[in-house]
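Q: Sequence and predicted structure, then a few things I'm wondering about:
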Amino acid sequence: MKLLVLAVIALAGFVWLGGIASADTRVVGDSLARQTYYESGGWYVNAVTGRALSESLPLVRRIATRHSQDNLVVALGSNDVSSESASMASDVSVAAAIPTGCTVITTVKVNGVTPFYSRFWKAHSRLWNQAVRASGAVVADWNAYSAERPGWFLADGLHLTGAGKRAYNNLLRRAVQGCPEDTTAA
């Protein structure tokens, strides 16, 4: 029975690591978050390769509704940028406005990503990052943090090496530590 439950959870892209009954940080992410979930000890991580925020807003709302006191990390953006989503800025604003303990949203890498993902990667990633900074959420600035760190990336310039996985996880943890102590006090 336990094996069946674990298999269903794994298939859904949901992983929980840690030894406590509940976590205070929940992550909705794409392949970058999926690559780093093993380092997330104690965080609930729902990360699926190819996930975009444009299709994940119902999931983000559902998690925030069920766990409104928890921190929510939205570690997405690369797939919105590569698909040239027209709704990027509004999606970021909607995600940031969903009531949670604290919402953290990641920026995406601007320079060094291969044109395979999009010929307009730089322009669209700048638009994403601008929307994240204007959203009012706590910003996990992956673009700034990873600048000049080619050793953190595989040949495609987007996916992560072992050092990159640790750095991405470290950035998310630092961003959550930057959350206000109590965002629910009246």
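A: Everything's here; your move.
Q: Walking through the protein, point out its strands one by one.
A: In the chain, the segments counted as strands under DSSP state E are 14-16, 25-29, 44-47, 71-75, 102-106, 138-140.
Q: Mean neighbour count, mean pLDDT and distance to Asn170 added to those strands, as CSV?
A: In this view, the C-beta of every residue, glycine as well, is placed from N, C-alpha and C. Output for the strands of the chain, formatted as CSV (neighbours: other CB atoms under 10 Å; pLDDT from 0 to 100; distance: least, CB to CB, whole Å):
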stretch, mean neighbour count, mean pLDDT, distance to Asn170
strand 14-16, 16, 39, 19
strand 25-29, 25, 93, 14
strand 44-47, 23, 91, 15
strand 71-75, 27, 95, 13
strand 102-106, 25, 95, 13
strand 138-140, 22, 97, 10
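Q: Now distance to Pro58 too, for those strands, in JSON lines please.
A: Shown next, in JSON lines, are the strands of the chain (distance: least, CB to CB, whole Å):
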{"stretch": "strand 14-16", "distance to Pro58": "15"}
{"stretch": "strand 25-29", "distance to Pro58": "11"}
{"stretch": "strand 44-47", "distance to Pro58": "12"}
{"stretch": "strand 71-75", "distance to Pro58": "13"}
{"stretch": "strand 102-106", "distance to Pro58": "16"}
{"stretch": "strand 138-140", "distance to Pro58": "22"}
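Q: Kindly list the longest helix within this structure.
A: helix 162-177 (DSSP state H).
Q: and it with strand 25-29, angle?
A: Computed with axes from the mean of the first three to the mean of the last three CA atoms, to 10 degrees, the direction of helix 162-177 lies at 130 degrees from that of strand 25-29.
Q: now the closest residue to Ala89 other than its chain neighbours: how far from Thr106?
A: Using CB to CB, 6 or more residues apart in numbering and skipping the chain neighbours, the partner closest in space to Ala89 is Ala131 (4.0 Å). According to CB to CB, to the nearest Å, Ala131 and Thr106 sit 12 Å apart.
Q: mind listing what's buried in stretch 132-139?
A: Val132, Ser135, Ala137, Val138, Val139 (16 or more other CB atoms under 10 Å).
Q: Kindly report the same for stretch 167-178.
A: Buried residues in stretch 167-178, counted by 16+ other CB under 10 Å: Ala167, Tyr168, Asn169, Leu171, Leu172, Arg173, Ala175, Val176.
Q: No more questions from me, cheers.
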